[in-house]
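Undergrad: Structure, please.
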Amino acid sequence: MTALPDPARKVAVVTLGCARNEVDSEELAGRLAAGGYELVDDADDADAVLVNTCGFIESAKKDSVDAILAATDSGAQVVAVGCMAERYGSELAGALPEATVLGFDDYAAIGDRLDDVLTGRPLVPHDPRDRRTLLPISPVARTAVVGAADAPAIPGHGWLQRRRLASGPSAALKLASGCDRRCAFCAIPTFRGAFVSRPPAEVLGEARWLAGQGVTELVLVSENSTSYGKDLGDLRSLERLLPQLAAVEGIVRVRVAYLQPAEMRPGLLEVIAGTEGIAPYFDLSFQHSSPGLLRRMRRFGGTDDFLGLIERARVLAPAAGFRTNVILGFPGETEDDVAELERFLVEGRLDAVGVFGYSDEEGTEAAGLPGKLDQAEIDARVRRVTDLVEELTAQRAEDRIGETVQVLLTEDLAGTDGPGAWLGHAAHQDPDADGTTTITGVPDGAVAGEIVAAEVVGTEGVDLVAAALVPAVTA
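TA: Prediction:
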């Protein structure tokens, strides 16, 4: 009698952190599916739970630890991967014996590693290392090393193995991994490594694949999108790539995330602001606006530089969207510095602003700087600027009343808000972070992923309420 094959082992994937991590999780999911694993949504139904952790700031690390501990309640084997796992390795494994900790170099054989875990074969967690040292210092010299058999793993670049875990019409697409900047507060380059661009043909290939999966909006992500192409010998690579991505059949919108203000070239500004199919959307990493404090952060620019950049973009695209993140309480920050940041926020009229309190990150220059502020003072400044931001971004949304916006439909609200009502996001709204648009009067037969032109008629905080103007554009 022939023995029946063993049922497929089941694995649930839990993702913490940013869109870059979401791409990594989808690569891991694809590799696991190719290795015979069945992907499930519920940890309680899984033999193993893969937790893709975030190691960016203290609160994100706490969320990752909480997710690992919560996964252990399912009774499944828990495996920690991602930034926090890579950054701390054996240290994290010692602190959380409930989980097996794997690094980026385990990604290519993730199915085998889960087999090891489920069969009880012991795995030795890696010792953390500075991944910036694994590739040549010269950006262009990296291209010869990246494709080598013994090259360090670069998560999220194995798109041929990618399997979508989300079902919406928007999807992140990685332009590059790593970062060559040395911001004093940031540890990301040490565990993500040096900046590595993906070849344009590879990015276009993944874009076509995503379009075939029903995606109509691409969100281009990396640690620093403005650096794309510098290791390929062409700093204008992104300007050339964007129109090609917008021309991919089935794609109706492309947006770029994670832009560095100091690297915004006039040509890139013009392409983002003026190319059909590219969202006039500027996700600019300002972090602060006080020139002196920015120098302490090992960054460039200041209020007047940043306001000038925003104005140049608005001349090209008056309805352009702007978002940023700012840090309060960096060592040495004064009341004058905070006032300067507030001036920038008031005059900049941004659509979305994330406000974060500074916390020491081990291994960074800022951790050793004098002038540390008390936590109570940091918290007070965060509350103060958050209150200001909420007022300013709500006002910015109100300024858009009467404006025509292009809304990408995401959810049919007919069952709750009546026929022709949809939820979506306009060109100035990132699908995950910048508010939503509720649109009424959408023609019958519309489907998620289409774009509808609408007039803004009201607001609810940063969210817009709009009325459809024309029939939906076919995706």
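
Undergrad: Cys83: which element?
TA: Following DSSP states H and E, one finds Cys83 within helix 82-88.

Undergrad: Dump the helix or strand that Leu307 is a member of to PDB, restricted to CA.
TA: Assigned by DSSP H and E, Leu307 belongs to helix 303-316. In PDB, the C-alpha atoms belonging to helix 303-316 read as follows (Å, rounded to 0.1, in the frame of the first residue of the first chain):
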ATOM      1  CA  THR A 303      14.000  76.000   7.000                       C
ATOM      2  CA  ASP A 304      14.700  78.300   4.100                       C
ATOM      3  CA  ASP A 305      16.300  75.600   1.900                       C
ATOM      4  CA  PHE A 306      13.300  73.300   2.500                       C
ATOM      5  CA  LEU A 307      10.700  76.000   1.900                       C
ATOM      6  CA  GLY A 308      12.500  76.800  -1.400                       C
ATOM      7  CA  LEU A 309      12.400  73.100  -2.400                       C
ATOM      8  CA  ILE A 310       8.600  72.900  -1.600                       C
ATOM      9  CA  GLU A 311       7.900  76.100  -3.600                       C
ATOM     10  CA  ARG A 312       9.800  74.900  -6.600                       C
ATOM     11  CA  ALA A 313       7.700  71.700  -6.600                       C
ATOM     12  CA  ARG A 314       4.500  73.700  -6.200                       C
ATOM     13  CA  VAL A 315       5.400  75.900  -9.100                       C
ATOM     14  CA  LEU A 316       5.500  72.700 -11.300                       C
END
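
Undergrad: Now do that helix: everything it contacts.
TA: Under the criterion Cβ atoms under 8 Å, 6 or more residues apart in numbering, residues 261, 264, 266, 269-270, 272-274, 280, 282, 284, 286, 289-291, 320, 322, 340-341, 343-344, 347-349 lie in contact with helix 303-316. The C-beta positions use only the backbone N, C-alpha and C, and glycine is treated the same way.

Undergrad: now that helix, how far from the centre of its chain.
TA: 24 Å (Cα atoms, centre = their mean, to the nearest Å).

Undergrad: what does stretch 150-166 give?
TA: 16 Å.

Undergrad: May I see the buried residues of that stretch?
TA: Pro152, Ala153, Ile154, Pro155, Gly156, His157, Gly158, Trp159, Gln161, Arg162, Arg163, Arg164 (16 or more other Cβ atoms under 10 Å).

Undergrad: what packs against the host helix or strand of Ala273?
TA: If you go by DSSP H and E, Ala273 is part of helix 266-274. Packing partners of helix 266-274 (3 or more Cβ pairs under 8 Å, 6 or more residues apart in numbering; DSSP states H and E): helix 237-246, helix 303-316.

Undergrad: Touching the helix or strand that the longest one is followed by from outside, list them.
TA: Scanning forward in sequence from helix 303-316, with DSSP H and E defining helices and strands, the next element found is strand 321-328. Identification of contacts with strand 321-328 by Cβ under 8 Å, 6+ apart yields 185, 279-289, 297, 310, 313, 338, 341, 345, 348-358, 378, 381-382, 385, 426-430, 433-434.

Undergrad: now swap in stretch 343-356 and tell me
TA: 57, 286, 289, 303, 306-307, 310, 321-328, 382, 385-386, 388-389, 392-393, 396-397, 399, 428-430, 433-435, 462.

Undergrad: what's the offset of it from the middle of its chain?
TA: 19 Å.

Undergrad: Show me the helices in the stretch 351-475 of the chain, by range?
TA: Under the criterion DSSP state H, counting those that start in this stretch, helices of the stretch 351-475 of the chain are mapped to 375-399, 414-417.

Undergrad: Flag the shaky bits of the stretch 301-450 of the chain, pLDDT-wise.
TA: Filtered on pLDDT under 70, the stretch 301-450 of the chain yields the residue ranges 417-418.

Undergrad: go with 90
TA: Residue ranges of the stretch 301-450 of the chain with pLDDT under 90: 414-420, 432-434.

Undergrad: Mind putting the helices of the stretch 351-475 of the chain into CSV with mean neighbour count and distance to Ala367?
TA: Output for those, formatted as CSV (neighbours: other Cβ atoms under 10 Å; distance: least, Cβ to Cβ, whole Å):
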stretch, mean neighbour count, distance to Ala367
helix 375-399, 16, 15
helix 414-417, 11, 49
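
Undergrad: still on that earlier bit, the contacts of strand 321-328, buried ones only, as a ChimeraX selection?
TA: To isolate in ChimeraX the members of the contacts of strand 321-328 that are buried, counting by 16+ other Cβ under 10 Å, one can use:
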select :185,279,280,281,282,283,284,285,286,287,288,289,297,310,313,338,341,345,348,350,351,352,353,355,356,357,358,378,381,382,385,426,427,428,429,430,434
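
Undergrad: Does Gly30 touch Arg163 like I think?
TA: Yes. At 3.7 Å, Gly30 counts as touching Arg163 under the criterion of Cβ atoms under 8 Å.

Undergrad: Which residues are in contact with Val389?
TA: Contacts of Val389 (Cβ under 8 Å, 6+ apart): Leu345, Val353, Val355.

Undergrad: okay, and for the stretch 51-200 of the chain, where does confidence drop off?
TA: Looking at the stretch 51-200 of the chain by pLDDT under 90, you get 55-62, 122, 143-153, 156-161, 166-167.

Undergrad: Let me know the secondary structure of Arg132.
TA: helix (DSSP: H, G, I helix; E, B strand; the rest coil).

Undergrad: what's near enough to touch it?
TA: Gly178, Pro189, Thr190, Gly193, Ala194.

Undergrad: ok so, going back, I'd like to know which of the helices and strands packed on helix 266-274 is closest to Ile68.
TA: Closest approach to Ile68 among those is made by helix 237-246 (36.0 Å; Cβ to Cβ).

Undergrad: just to revisit the earlier point, how about the helices of the stretch 351-475 of the chain in TSV, adding distance to Leu50?
TA: Below are the helices of the stretch 351-475 of the chain laid out as TSV (distance: least, Cβ to Cβ, whole Å):
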stretch	distance to Leu50
helix 375-399	33
helix 414-417	34
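
Undergrad: Mind checking the ones you listed for the one nearest to Arg208?
TA: Once those are compared by Cβ to Cβ, helix 414-417 is nearest, at 32.0 Å.

Undergrad: which residues sit against that closest one?
TA: Gly420, Ala421, Thr438, Thr440.

Undergrad: Centre of the chain to that helix, how far?
TA: For helix 414-417, the distance to the chain centre is 31 Å (Cα atoms, centre = their mean).

Undergrad: before we move on, what about stretch 57-73?
TA: The answer for stretch 57-73 is 19 Å, by Cα atoms, centre = their mean.

Undergrad: now do stretch 424-436
TA: For stretch 424-436, the distance to the chain centre is 14 Å (Cα atoms, centre = their mean).

Undergrad: and it, how far apart are its ends?
TA: By Cα to Cα, to the nearest Å, the extent of stretch 424-436 from end to end equals 6 Å.

Undergrad: any idea how far Asp336 lies from Asp374?
TA: 18 Å (Cβ to Cβ, to the nearest Å).

Undergrad: Check Gly120 too.
TA: 49 Å.

Undergrad: C-alpha coordinates for stretch 447-465, CSV please?
TA: Included here for stretch 447-465 are C-alpha records, laid out as CSV according to Å, rounded to 0.1, in the frame of the first residue of the first chain:
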residue,chain,number,x,y,z
VAL,A,447,-13.8,48.2,-9.5
ALA,A,448,-10.9,48.7,-7.0
GLY,A,449,-7.8,50.0,-8.6
GLU,A,450,-9.5,52.4,-11.0
ILE,A,451,-9.0,56.1,-10.8
VAL,A,452,-11.9,58.5,-10.6
ALA,A,453,-11.7,62.3,-10.9
ALA,A,454,-13.6,64.0,-8.1
GLU,A,455,-14.1,67.4,-6.5
VAL,A,456,-13.2,67.8,-2.9
VAL,A,457,-16.4,69.0,-1.0
GLY,A,458,-15.4,68.4,2.6
THR,A,459,-12.9,67.1,5.1
GLU,A,460,-12.7,65.1,8.3
GLY,A,461,-9.3,65.9,9.8
VAL,A,462,-6.8,65.0,7.0
ASP,A,463,-9.3,62.8,5.3
LEU,A,464,-11.2,64.2,2.3
VAL,A,465,-14.8,63.9,1.1
